[in-house]
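J.: Output the structure for:
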Amino acid sequence: MDLASLGNGLLIMASLSAIGSIGALAFGTLPEGSDGARKAGHYLTLATLFFTSMAVLLLASAFLGENFSLEYVAYNHPTLVGPWSWLYKLSGVWAGREGSLLFWEWLLAIFAGWVALRFLVKKERIASVALVVMNFVQMFFLSALFIPLNNPFRLLPAQYLDANGNLLIEAAMNPLLQTWAMIAHPPTLFIGYAGLTVPFAFALAALFIGDTSKRWVEISDRIAVFSWLLLGIGIGLGAVWAYIELAFGGYWAWDPVENASLLPWLTGVGLLHSMTVYRKRGGFKAWTMIMAAVTFVLVLLGTFITRSGIVSSVHAFEQDPLSFWLFLSMMVGSLLVMGIGVALRWEKLKGNDSFDRIFSKEGSYYFNNVIMLIAALLVAYLTLASAFPSWMPGGKMAFGADTYNALARPLGIFYILVMAVCPILSWGGAGFTAFLNKAKWPLGGAAVLSAGFIAIWAFGMMPYYSATSGAPALHHATAIFGLMTASLAISLPIYLFIDGARKRSAAKGEGFFAALLQILTKARTQSGGYLTHLGMGIILVGLIGSTMYVKTVEAVLPQQPGSSVVAGAYTFTLTGLEDTIRDNGDTIYTAHLDVATDGKPSGKVNPRLVFPKQLESKGQSTQKVSLIQQPLKDVFVSFSGLDASGNANVTIKFFPMQWWVWMGFIITILGSGLAMWPKRQPQAA
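T.: Just a heads-up that it's a prediction; the model follows:
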C-alpha cells in the first residue's frame, strides 16, 4: 500500500470514529440513554485521536525519510543540512497548506481526547455534550482534508521522480521558512487556535442542557488561559521571525494573515476576564458565552482568510472555493447556534451584571470587553474590506499600516489605561475619592517613571523621528500620553507586589523577600495577572519607540574596501564582500562592515543574502540581517545584493526601545503562565 492510500485510509477511519462518537454521545446523554453509549462515545473520540496521530506520524516519517512520492513533501521539504536538519524536516509537517490543516485537526483531537479521558469514568452530562460539539468541529476539519488542495496525502506525478525516488524538479520549502522561529511559531499558534475550541464547546453544551451555573467555566477556564497564552507566544514568535528574517525592518506589518492571528487573541482577553466575573460573581454570563463564540469564529476566520483567497496576502495559500464555503458555513453556523442558544436561555443567563460606579472592578471588566470586541471587529473589517462590495464603507479598498496605526494607537493606550487601574478597583466600587486614596502611591511612582520615559523620548526617540503624513504635534502628544500610561501600568503592579509583601512580612514575621516569594507561589492567579499587566506596560513603551520613531538610511556602497556611510552617530565602513557555497549548494553573499560610534570602533556587522540551490531558477532568496542590540535601541542592518553597477545595497534602520518589546513579551508570557498554573488539590482525609 502506498503512502497516499494509507494516509487517506487513516483520515477515513478518523472521520468514521468522529461520526460514531457524535451518535453514541448524542444517545448516551439523553435521559433514557445508556451509560454504555456515553462511554462508547468517549472511546470513539480517543479512536479519532489515534487515527489522526497515526496520520501525522506518517506524514512526519515521510519528511524525515525524504519520501518525495507525496506532493506535499516534495514541495515543502527543507534544504538545510547539518545536525539540526531533522527539526527543519519535521517543521515541513506544518509549513504548508495541507500539512498545517492536518496538524490543526490533530491538536483538536488531542484536546477532545483530554476531555474524553477526564470524564470517561466521572459522568458529567455537560462534558459529553461538549464532546459532541468538539467532534462536530473535527468533522469539518476532517472534511476539509479531503478537498484536493488541502489533502497532504496526494501523490506526486511519477514523471517528477527518477528510479531512485529523487526529485527531477526544483521544489523545496520557502527559504524564508527555514529558520528556528518557524519551527516553533506555527505549532504554538495552532495549539492556541485548537484550544480555544474548548470554551466554545462547553459554553454551547451549557446552553444545550440548560445548566448556566459556573461549572462549564470551572472546567474550561484553565484551558482557555493556556490556549490564549500559547496563541500569544505564537504571535510573539511570528514577530521575532518577521524581524530577523523578512528584513523589511519591523515585526508587524498589519498583513491580513498577521491580523487573523491577532483577532482571537484580542477577544480572548475579554473572554478570560468575563470568565473571572462569571466564576467569582455570577455575572457577565451572556458576555462570556458570546465572547467564547466570537473568539472561536475569529479562529476560523484565520484559516478562512488563509485558504479562501478572499484577500491578498504574502502568507495566503492558493484560492480554493470549496474551503471558502466550508469555513464560511462553519463561522456563520457557530454564531447562529450560539445566538439562538443565548436567546432561548436568556432568563437563565441573567446574573450580577449591573454596576453603579464606573470606578469599580465590574466597570473595568465591562470596558475591557467592549474595547477588545470593538478592536477585533475593526481590525477584521479593515482586513476584509477589499473583499466587500464598493457600496459598503471602505469596500474594495486595501488599507495600509497607517490606517491601522491611527486606530490602534489611541484605542490601545486607552485599553492599557483601563487595564492598569483595574487591580486597585473594588467590586461594586468605592467612589473616586477612595480610588485616589488607593492610587496615590502608584501615581507617585508613575510620575517618577514618566519623567524618566519623557527624558528617553526627548534624547533617545526624537533623534530618530521621521516626519510622515499627519500632524507631528498629535503624533508626539500620543507618544507622550502613551508613555505616561505605560508608567502607571508598570508602577502599579510593582507597588502591589511591594505592598503585599510588606503587609505579609509584618503579619507573618517573614522576611520581605520570603513574603514576596510566598505571594508569587501561593497567590498565582493574582500574581500572574500583575506580572501580565507589568509586561503589557513595558511592551507599550517598546511599541511607542520602535514603531513611532524609526529612522531608515538607504546606502549604496561601491565595492572597494573603505567606502562608508554615516547614519546618526554610527559610521559603517565596507571591508569586503564574500560569496560562499554551503554543503547543500546554497550560495551566500555576505557584506562585511566595520562599525564606529562617534568615531570610535564599536564592532562589526555581517548581513547576508542566501540563494537556495533547489530554488535557483526561481531566484528566491532570503536576507539574514545583522543587529546591534542595546537597551534603548536596535541598529538593524540588511544587505539586499548588488545593483547593476556592482554597488552594495545596504539598509540601516534604528528602532528605539525595541528590546523593551521582547522583554515585555517575556514578562507577559511568564505572568500568564503563572496565572494558569493548576492549583494543588487538597488531599482527601
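J.: what about the stretch 301-450 of the chain, any weak spots by pLDDT?
T.: Low-confidence segments of the stretch 301-450 of the chain (pLDDT under 70): 308-309, 312-319, 352-359, 428-431.
J.: Helices along that one, start to end?
T.: With DSSP state H, counting those that start in this stretch as the criterion, the stretch 301-450 of the chain has helices at 321-344, 361-384, 401-421, 431-456.
J.: out of those helices, nearest to residue 246?
T.: Minimum separation from residue 246 across the helices of the stretch 301-450 of the chain (Cβ to Cβ) falls at helix 401-421, 14.2 Å. All C-beta atoms are positioned from the backbone trio N, CA, C, and that covers glycine.
J.: okay, the angle between that closest one and helix 361-384?
T.: Inter-element angle recorded for helix 401-421 and helix 361-384: 170 degrees (by axes from the mean of the first three to the mean of the last three Cα atoms, to 10 degrees).
J.: Select, out of the helices of the stretch 301-450 of the chain, the one closest to residue 637.
T.: helix 401-421 (22.2 Å).
J.: partners of the lowest-mean-pLDDT helix or strand in the chain in the sheet?
T.: Every helix and strand in the chain was compared by mean pLDDT, DSSP states H and E; the lowest is strand 622-624, with a mean of 84. Note on strand 622-624: by DSSP bridges, its sheet partners are strand 608-611 (antiparallel).
J.: My read is that residue 266 contacts residue 375, right?
T.: Yes - counting by Cβ atoms under 8 Å, residue 266 does reach residue 375; the two are 5.3 Å apart.
J.: And this protein, what are its domain boundaries?
T.: 1-178, 181-420, 421-549, 551-660 (automatic domain parsing).
J.: Where do the strands of this protein begin and end?
T.: Per DSSP state E, the chain carries strands over the ranges 551-557, 564-567, 570-581, 587-597, 600-605, 608-611, 622-624, 626-630, 633-642, 648-656.
J.: Show me which parts of the fifth one are buried, residue by residue.
T.: Just to be clear, that refers to strand 600-605. Within strand 600-605, the residues that count as buried by 16 or more other Cβ atoms under 10 Å are residue 605.
J.: what's the average pLDDT for it?
T.: In this model, strand 600-605 has a mean pLDDT of 90.
J.: Could you list every helix and strand in contact with that strand?
T.: On a contact count with 3 or more Cβ pairs under 8 Å, 6 or more residues apart in numbering; DSSP states H and E, strand 600-605 meets strand 587-597, strand 626-630.
J.: out of those, deepest packed?
T.: Of all the helices and strands packed on strand 600-605, strand 587-597 has the most neighbours on average by mean count of other Cβ atoms under 10 Å, namely a mean of 18.
J.: Tell me the strands beside that strand, with direction?
T.: If you go by DSSP bridges, strand 587-597 pairs up with strand 570-581 (antiparallel), strand 600-605 (antiparallel), strand 608-611 (antiparallel).
J.: what separates the second one from the chain centre, distance-wise?
T.: So the one you mean is strand 600-605. When C-alpha coordinates are averaged (Cα atoms, centre = their mean, to the nearest Å), strand 600-605 and its chain have centres 36 Å apart.
J.: gap between the two ends of stretch 203-216?
T.: In stretch 203-216, first residue to last residue: 7 Å (Cα to Cα, to the nearest Å).
J.: can you give me the mean pLDDT across that stretch?
T.: 94.
J.: what does it contact?
T.: For stretch 203-216, the surrounding residues in contact (Cβ atoms under 8 Å, 6 or more residues apart in numbering) are 29, 124-127, 129-130, 132-133, 202, 220, 278-279, 282, 285, 288-289, 292-293, 337-338, 341-342, 344-345, 348-349.
J.: Report the buried residues of that stretch.
T.: 203, 204, 205, 206, 207, 208, 209, 211, 212, 214, 216.
J.: who are the neighbours in contact with residue 182?
T.: 91, 95, 241.
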